[in-house]
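A.B. asks: All I have is the shape, not the residue letters:
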């Protein structure tokens, strides 16, 4: 039985380590997503814009914030589970070999401590992400006067698309010309007003806040 439980712990440690590395790699590679202006998604890491939808999505919040928002922030996630499994295996090996605990005692010891440590780690990460989110968003008023680039031609009286950099993050929004005119792709414009779902732009910055 002692040999069997050691094999079990070792397997958990190896699986947990592999799963943790894999989960961290997936997150770093950009498979987690931020919402952009409630219109699209942004890959983490290299600020690559994914295909955006011009249809507005319902929002449960009435906050007047622009920029990336986390679609969900949960303490219980795949990375937390991976860390728990890995710690459970390592602590189990420690309990059986170094501390000479029995099977039941080692199970209780490793499961309780690994649960506390993995949840604590995940809680700290979530808090840091929330603080980063709240400090990186821009209000509608602060967006006025930001320089943007037209990525889809804005025809007279019709919507196009602009991209702009807000505190190191590339964002996109549907946009129309404040003055009834056509603005070609690649032209530089300035945001004159926005509601977070679309922007109105002008060629000249004069008269804007910035």
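C.D. replies: Thanks, I have the structure now. The shown structure was predicted, so the numbers you read here are calculated from the model rather than taken from an experiment.

A.B. asks: So what are the sheet partners of the longest strand along the chain and their directions?
C.D. replies: Longest strand in the chain, counting residues (DSSP state E): strand 169-177. The strands beside strand 169-177 in its sheet (DSSP bridges) come out as strand 160-166 (antiparallel), strand 199-202 (parallel).

A.B. asks: Can you tell me which of those strands is packed in deepest?
C.D. replies: Comparing these by mean neighbour count (mean count of other CB atoms under 10 Å), strand 199-202 ranks first with a mean of 23. From N, CA and C alone the C-beta is placed, and that goes for glycine too.

A.B. asks: ok so, going back, and the angle for the helix or strand following the longest strand of the chain with strand 160-166?
C.D. replies: Once the chain leaves strand 169-177, the next helix or strand it forms, by DSSP states H and E, is strand 188-194. In terms of direction (axes from the mean of the first three to the mean of the last three CA atoms, to 10 degrees), strand 188-194 departs from strand 160-166 by 90 degrees.

A.B. asks: follow-up on the earlier one: could the strands paired with strand 169-177 go into JSON lines alongside distance to residue 75?
C.D. replies: Listed next are the strands paired with strand 169-177 as JSON lines, based on distance: least, CB to CB, whole Å:
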{"stretch": "strand 160-166", "distance to residue 75": "28"}
{"stretch": "strand 199-202", "distance to residue 75": "35"}
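
A.B. asks: could those strands be laid out in JSON lines, adding distance to residue 118 and mean pLDDT?
C.D. replies: Listed next are those as JSON lines, based on distance: least, CB to CB, whole Å; pLDDT from 0 to 100:
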{"stretch": "strand 160-166", "distance to residue 118": "34", "mean pLDDT": "88"}
{"stretch": "strand 199-202", "distance to residue 118": "42", "mean pLDDT": "90"}
